[in-house]
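Q: When you get a sec, could you give me coordinates for this:
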Amino acid sequence: MFSSYFRWLKKEAPTGAVETYPVISENFETNFPGIYIIGDLTGVPLLRFASDSGSKVWQKIPPAKNEFLDAVIIGAGPSGLSAGLEAKRLNKKFVILEANKAFQTIVSYPKGKPIFAEPKHFSSNSLLRIEDGTKESLLDHLNHVLRSSSLPLLEDERVIEVKNDRSKDVFSVKTESGKEFLTNHVIVAMGKSGDPKRLGIKGEDLPHVSYRLIDPNDFQGDNVVVVGGGDSSLEASIAIAKKGSHVTFIYRGKRLSRPKEENQKQFFNLVESGRISFLNESVLTEITPSHVFVKDATSSKKISASQVLISIGAEPPIPFLKRLGIRIQNEKTIRDWIGFFSLMCFATLAYFGKASFYAAGWFSPLASVSGGLFFVSAAVWLFFGLKSRGFKFNGWTFFRNTYLFLAASYFSFVYFGATYFSYVFLDKYPSFHYTFLYSLTILVFGIRRIYVRPTQYIKLQTFSLIFVQVFFLFLLPEIILPFLGKAGYLGGPDGFLLTQVFPKESYWKAYGFILAWPLSMGVLYDGSITTFWLVYGIAFTFGLIPLLVYRYGKGAYCGWICSCGGLAETLGDEHRTKMPHGKWAYRLEHSGQIILFLAAILTILKLGGVFGKTLLPDLVGLEYAADSIKWIYDLVVDIGLAGVIGVGCYFFLSGRIWCRMFCPLSALMHIYARFSQFRIFSDKKKCISCNICTKNCHQGIDVMNYANKGIPMDSVQCVRCSACVSLCPTDVLSFGRDSNGKEIRDSVSAVL
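A: Next comes the predicted model:
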């Protein structure tokens, strides 16, 4: 029953992984100052973007202040050639080093391979122009540009080492032949086509097994088995079949989704004519000199094969990048683990420290020990960070780390003063300072988000999150209402506001205007609940929010109103690519359903006791039973998961761990979202399978898989952050609604 429920909730959403790329900034710079990456390794496999990055990188490179080279460019593909052309135009001193021959990757394309110069509307300042054509026409153009420009290109010079020569404050670049170049900067333009991916099966190294198609004529008259599922494998199959060979195409999936529509059309025309046999949901298990063995869901087959082509992609040159000291996305270093430990210590200090002011017990010692460990580990983390950058300060990184350290120090001072010395700073309890820091952090990092991602949608969304947090969750309960109450503007003690809305001057209940049940259990879980909060809480949680979700998706609340979402979209914006996409993450992401169930049981028992005891005094036992368990719920969920885990994972596993995995209100909205009209639509023809959308989804949604198939993305996890839409390099994605099967663009997405 539970499995069926979770399958219904998940809607059979795809669960693909993200591709591995180096970590680079918006300026193409790696974690190693002075080393830049352009081209395919930035994550966008388009020739026009590769060419454009080669031109733009020089806008980010500071001028040299010595007699050494301005830059060594590693790789002579389109991006390396573009960087060289721009360097020559700027009168820079540089050299291009190529391990093979210029444009080697394009040379290895199959004969006649079509070249699509996408996106059509893209305008580049690069001196290298990429147009539609074929492999041959593109090579003719690239070689003509290379010959006419007389660039300092050295072929067959494989780079084996890049070191920082601190004595001269430059890089030393050494090649396999023994040459050494001293340079101020290094531009890596290698592309991502390294060694071909392998299946790891018996017979894979036999002489008739190929990993790349060069000339379809080489396969003429053979029985050819092709393994793949992308554009390259389809194009190879089409080219071989047109030469009169019979092709058996093996694909492990149910239906092809990644290849371009033109390739699929040609492919299935050949399938219908009998020149290609298409075996989907099948896996190649063994290769012999004359046959292959294929397994599907029900049986195994032996198929005649005189040639085998395995076209499942290539491994990016990750080992080489690691040798250079360049960080790879989502690979954790010792410093990352120290940082994670440090932030977990601070989160423990903040949440157990705040709680210990109101509750006695072991909370206070735990918070105190965590505070000490935080300062020690934070100092170690900062030292390793400065050491890795040669003790050079980066403007934003320095500001961010300084701000967070000062904020942690501020709260530590407030907590220790109030708990151990009975000193209440500014006559305010620690909860006031916690809310102040929370609001200030959303404001500071919200401004940064708007600056970095200045789309109209993100501006409106971020302003909304800042306003809700600063006004409703800080100014209103902590400053405005207390002032109005003291001035008598809220009426007398027997008036409506001070008896129904803020009974006994409990201004903290203003949080309930924004934080719905069960995110804020106190909205309905209240032994002296008033009629106002009973009606408002039910109407907000079970009336207004479902309407918002039905029309605009879960993100109407999570992405525009919720304070947890506010912190995730601002402080966590830089770290959205760190959300896990592995199997364990997908299994864990509906844990909130269990927490929702517990919250519902506790609230029903509480309200049953509160209202039932007036009819049957014995029903007061329901309230006592709920209260006897509620403290465990508060400790585990509110303090442990929402506080320590949720905040502690911000810079390690993204800022949405709590929202995606554990939040009970999010779990409730998943049920609402199951019936929502909200969708993210995709233009399949434009999708280049770059994986940027999936990589930047901090809810772990495999957006690219939806786009590949051309089907609307309707995952209940979507928080409408717009990252996938705004970061898509080919404008594949857009917000909208689906009403009776008809696509409708909503008014909010129109401003994107």
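
Q: Show me where the stretch 201-350 of the chain has its strands.
A: Per DSSP state E, counting those that start in this stretch, the stretch 201-350 of the chain carries strands over the ranges 209-210, 223-228, 246-250, 276-279, 283-287, 291-295, 300-304, 307-311.

Q: wait, the stretch 451-600 of the chain
A: Under DSSP E, counting those that start in this stretch, the stretch 451-600 of the chain gives no strands.

Q: Show me which positions of stretch 680-698 end up buried.
A: By 16 or more other C-beta atoms under 10 Å, the buried positions in stretch 680-698 come out as 680-682, 684, 686-698. Placement of C-beta: from N, CA and C, glycine included.

Q: Can you list the neighbours in contact with the host helix or strand of residue 73?
A: According to DSSP states H and E, residue 73 maps onto strand 71-74. The contact list for strand 71-74, computed with C-beta atoms under 8 Å, 6 or more residues apart in numbering, reads 61, 80, 83-84, 87, 92, 94-97, 159, 171, 173, 181, 183-190.

Q: Identify the neighbouring strands of it in the sheet and state each direction.
A: strand 94-97 (parallel), strand 186-188 (parallel) (DSSP bridges).

Q: now, of those strands, which is deepest in the fold?
A: Burial of the strands paired with strand 71-74 is given as mean neighbour count (mean count of other C-beta atoms under 10 Å); strand 186-188 ranks first at a mean of 27.

Q: so what's residue 35 up against?
A: Applying C-beta under 8 Å, 6+ apart to residue 35 gives the contacts 29, 162, 171, 185-186, 188, 324, 326.

Q: Give me the spatial nearest neighbour of residue 279, chain neighbours excluded.
A: Nearest-residue entry for residue 279: residue 250, 5.0 Å, with adjacent residues in sequence omitted and distances by C-beta to C-beta, 6 or more residues apart in numbering.

Q: For residue 277, see how far away the one you found is.
A: Distance check for residue 250 against residue 277: by C-beta to C-beta, to the nearest Å, it reads 9 Å.

Q: Those two: who's more crowded?
A: residue 250 (24 against 14; other C-beta atoms under 10 Å).

Q: on that earlier part again, OK, contacts around the residue nearest to residue 279?
A: 225-227, 279, 282-284, 294.

Q: Residue 145: which of those is nearest?
A: residue 226 (33.9 Å; C-beta to C-beta).

Q: I'd like to know how far that closest one sits from residue 368.
A: 64 Å.

Q: And residue 629, by the same measure?
A: From residue 629 to residue 368 the distance is 28 Å (C-beta to C-beta).

Q: out of the two, which sits in the more crowded spot?
A: More neighbours surround residue 368 than the other of residue 629 and residue 368, with 19 against 13 (other C-beta under 10 Å).

Q: check contacts around the more buried one.
A: Residue 368 makes contacts with 349, 416, as judged by C-beta under 8 Å, 6+ apart.

Q: which SS class is it?
A: helix (DSSP: H, G, I helix; E, B strand; the rest coil).

Q: Let's test this: name the helix or strand in this structure with the lowest mean pLDDT.
A: In the chain, the helix or strand scored least confidently by mean pLDDT, DSSP states H and E is strand 742-744, which has a mean of 64.
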